[in-house]
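Trainee: here is a sequence with its predicted model. Questions after.
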Amino acid sequence: MEGILSTAPRANPHSVQLIDEKSSLNTSAFVGFVEKTKLQEHASLSVVAIIGRQSSGKSTLMNKLFGCEFKIRDEDDWGERTTKGVWLAANDKISPFTIAMDIEGSDGNDRPEGDDFEKETALLAVSVASVVLINIRQADMGTRSASDDLLTPIFEVIKRGHTLQGKITLMFVVRDNYMQSSTQNMKMKAKLKDTTLKLWNSNLQANSAFDTFFHEIEFVALPHYQAREFDQQVSMLRGRICELGSRKHIPPPSFESTVCHIWKMTKQNEIIHLPNRLEAGGYQRCDEACDEIFRSFVGSKEWLALLNVVESRKVNDFGERLSSLINGCLKWYDESTKFYVNVSHIRSKKRNELENKLLQETEIAYKYMMEHVRLEIVQWLKDQLKEISYEDRDIRRPQKKLSIRSPLYLIDALKTYKTVANQRKRYAMENFVRQCAGAKFKTAKWDYSNIKAQFERDINKEIKDRKTKIIKNTIEATCVGAATSIVAGTLTCGLILDPSIIWDLCNLLL
């Protein structure tokens, strides 16, 4: 295994102060760190954080474990804080790719009473790390500050609803250990475990199993860092940490957004609602993916070209082209957020939001399309109605001889027109609805009721106007025929047809 080496491979020389002593997130430096370490190119990521009292040798241990270059205390600076805030360093020579997180020590004199910085950084550690090292000097064993003050904020926030996506490994590292016998070390391990579980049970309700959130408590005792055995035991510890880190990987694309999101929520006093690490990163990354994909769609050549064309004319394959564009965006989103299958509710929520934004943006193009469809089908119906009146030529010109059957002839002609016109109307409506459905995206709930209502008014008007014209033409023909018969002095069957009868009949028909 690459992680088990007698000497730690040198880490990436670039380390960064993630959070300064004033509790401010150094965003620009963090982004630079992500770029210089090529974090996005790695398939997996393990984060190892260390917490403990000030001047307990945390930075020294991290340097030995992961080849970092964190600043360590100078002998002349005894009592002064060395690590201020939170620092990161990366080592891509260890498998899995590891980020070391060195956290400011607790119980410093320069932190005012009631300051929450220690709690906030402890919460950050448990939210993003796979392994949390709890660094304790043996001389502090038995005191409350040895571990209780470090673990209390972590346990409390879990009680308040902070669930962990995957188990975390808590590893107690007892420094400057002078106990040589395995029996003594076993007793010390048992005492730490017992103290931790008592603290857990005092903070959480009964039935909240420790192993629901954490792996078995790990324990290691190290001699003084100047002892000959120190490097050898650190090498063994490194191998164990690499093994533990491989249990739970954080998707590299989510690390930056997870850290930023959790710290922001922590500083906004939303600790009670602090999400789990994948949930926080998932929400942030999915939100970023939505924005990126939507901006790309709005400015894409394909969409702008389709919108430009459909503004001026009907596009026969509009529905197919629009669906292809939207489905392409959703597929892009699915690929960008594939690491977050374990928080599917967030992934699905953001996917729905992206789809809704895309549908809102494209609805105007759909309305353009429906307007073109309306005009096209109305024109088609108008042409069809003209053909009906042209085929019935007899109703458009006078007969040579009129009889009492002439008014009945008009009635028959209108019945024929009504039957054919209703058939054409029904086909026009079906065609309109079919084209409306074909142009829509499958999940869109676009309302085209206004266009449909206008379409119905248009076709009813065309049918009525054509009917009126047929009646007018027939009346004119009938009156001319009647006048001709009167002048001739004869009517079929010897009856004179009063023109008023014709007008009364027409009014009745209308």
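Mentor: That came through fine. As the structure is a computational prediction, the values presented were derived from the model and not from experiment.
Trainee: how far away is K469 from E462?
Mentor: In this view, K469 and E462 are 11 Å apart by C-beta to C-beta, to the nearest Å. Where C-beta positions appear, they are placed from N, C-alpha and C, glycine not excepted.
Trainee: neighbour count for those two, which is higher?
Mentor: Set K469 next to E462 and count neighbours by other C-beta atoms under 10 Å: E462 wins out with 21 against 14.
Trainee: so that one sits against L381, correct?
Mentor: Yes - in this structure, E462 is within contact of L381 by C-beta atoms under 8 Å, at 5.7 Å.
Trainee: could you list the low-pLDDT ranges of the stretch 301-450 of the chain?
Mentor: 339-343, 389-412 (pLDDT under 70).
Trainee: in the protein, which residue is most central in space?
Mentor: With distances taken as C-alpha atoms, centre = their mean, K350 lies nearest the centre of the chain, 2.4 Å away.
Trainee: next up, the contacts around the closest residue to F97 other than its chain neighbours.
Mentor: Once flanking residues are discounted, F97 sits nearest to H42: 4.4 Å by C-beta to C-beta, 6 or more residues apart in numbering. H42 sits next to 92, 97, 252 when contact means C-beta atoms under 8 Å, 6 or more residues apart in numbering.
Trainee: as TSV, those residues with pLDDT and distance to S336 would be great.
Mentor: Formatted as TSV, the contacts of H42 follow (pLDDT from 0 to 100; distance: C-beta to C-beta, whole Å):
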residue	pLDDT	distance to S336
D92	79	23
F97	85	20
P252	78	13
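Trainee: quick one: which of those has the most company?
Mentor: F97 (22 neighbours).
Trainee: number of residues surrounding the nearest residue to K467 once chain neighbours are set aside?
Mentor: Leaving aside its chain neighbours, K467 sits nearest to Y417 (6.2 Å; criterion: C-beta to C-beta, 6+ apart). Using other C-beta under 10 Å, Y417 has 20 other residues around it.
Trainee: ok, Y417 to T468 distance?
Mentor: 11 Å.
Trainee: can you show me the helices along this structure?
Mentor: In the chain, the helices defined using DSSP state H lie at 27-36, 58-66, 117-128, 148-159, 182-203, 229-245, 252-267, 277-298, 301-312, 318-336, 344-391, 406-439, 449-488, 499-509.
Trainee: could I get the ones you listed as CSV with distance to N135?
Mentor: Output for those, formatted as CSV (distance: least, C-beta to C-beta, whole Å):
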stretch, distance to N135
helix 27-36, 23
helix 58-66, 5
helix 117-128, 12
helix 148-159, 9
helix 182-203, 13
helix 229-245, 12
helix 252-267, 21
helix 277-298, 22
helix 301-312, 55
helix 318-336, 38
helix 344-391, 34
helix 406-439, 65
helix 449-488, 68
helix 499-509, 101
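Trainee: looking at those, which is closest to S106?
Mentor: helix 117-128 (4.7 Å; C-beta to C-beta).
Trainee: averaged pLDDT, that closest one. What do you get?
Mentor: Averaging pLDDT along helix 117-128 gives 80.
Trainee: other SSEs contacting it?
Mentor: strand 46-52, strand 98-103, helix 148-159, helix 252-267, helix 277-298 (3 or more C-beta pairs under 8 Å, 6 or more residues apart in numbering; DSSP states H and E).
Trainee: okay if I get those as TSV plus distance to Q360?
Mentor: Shown next, in TSV, are those (distance: least, C-beta to C-beta, whole Å):
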stretch	distance to Q360
strand 46-52	39
strand 98-103	40
helix 148-159	38
helix 252-267	26
helix 277-298	10
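Trainee: of all these, which lies closest to G67?
Mentor: So among these, strand 98-103 is nearest, using C-beta to C-beta, at 9.0 Å.
Trainee: adjacent strands (with direction) for the closest one?
Mentor: strand 46-52 (parallel), strand 86-91 (antiparallel) (DSSP bridges).
Trainee: looking at the ones you listed, which is nearest to V132?
Mentor: strand 46-52 (5.2 Å).
Trainee: what angle do helix 277-298 and that closest one make with each other?
Mentor: Relative orientation of strand 46-52 and helix 277-298, computed by axes from the mean of the first three to the mean of the last three C-alpha atoms, to 10 degrees: 130 degrees.
Trainee: would you put the C-alpha positions of strand 46-52 in CSV?
Mentor: Listed next in CSV are the C-alpha coordinates belonging to strand 46-52 (Å, rounded to 0.1, in the frame of the first residue of the first chain):
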residue,chain,number,x,y,z
SER,A,46,-10.0,11.2,2.0
VAL,A,47,-10.0,14.1,4.5
VAL,A,48,-8.2,13.7,7.9
ALA,A,49,-8.7,16.3,10.5
ILE,A,50,-7.0,16.8,13.8
ILE,A,51,-8.4,18.5,16.9
GLY,A,52,-6.9,19.0,20.4
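Trainee: coming back round to it: just give me the lowest mean pLDDT stretch among the helices and strands packed on helix 117-128.
Mentor: Minimum mean pLDDT among the helices and strands packed on helix 117-128: helix 148-159, a mean of 68.
Trainee: isn't G105 up against S56?
Mentor: Yes - between G105 and S56 there is a contact under C-beta under 8 Å: 6.4 Å.
Trainee: I figured F455 hits V378, correct?
Mentor: Yes - in this structure F455 lies within contact range of V378 using C-beta under 8 Å: 7.0 Å.
Trainee: and those two? which has more neighbours close in?
Mentor: A side-by-side neighbour count of F455 and V378, using other C-beta under 10 Å, places F455 first with 24 against 19.
Trainee: so who does the nearest residue to the more buried one once chain neighbours are set aside touch?
Mentor: Sequence neighbours aside, R374 is the residue nearest to F455 in space, at 4.7 Å (criterion: C-beta to C-beta, 6+ apart). The neighbourhood of R374, defined by C-beta under 8 Å, 6+ apart, consists of 432, 451, 454-455, 458.
Trainee: please pick the buried ones from those residues.
Mentor: 432, 451, 455, 458 (16 or more other C-beta atoms under 10 Å).
Trainee: look up how far L61 lies from the first one.
Mentor: Taking C-beta to C-beta as the measure, F432 falls 75 Å from L61.
Trainee: again, but for R321
Mentor: With C-beta to C-beta as the criterion, R321 and L61 are 60 Å apart.
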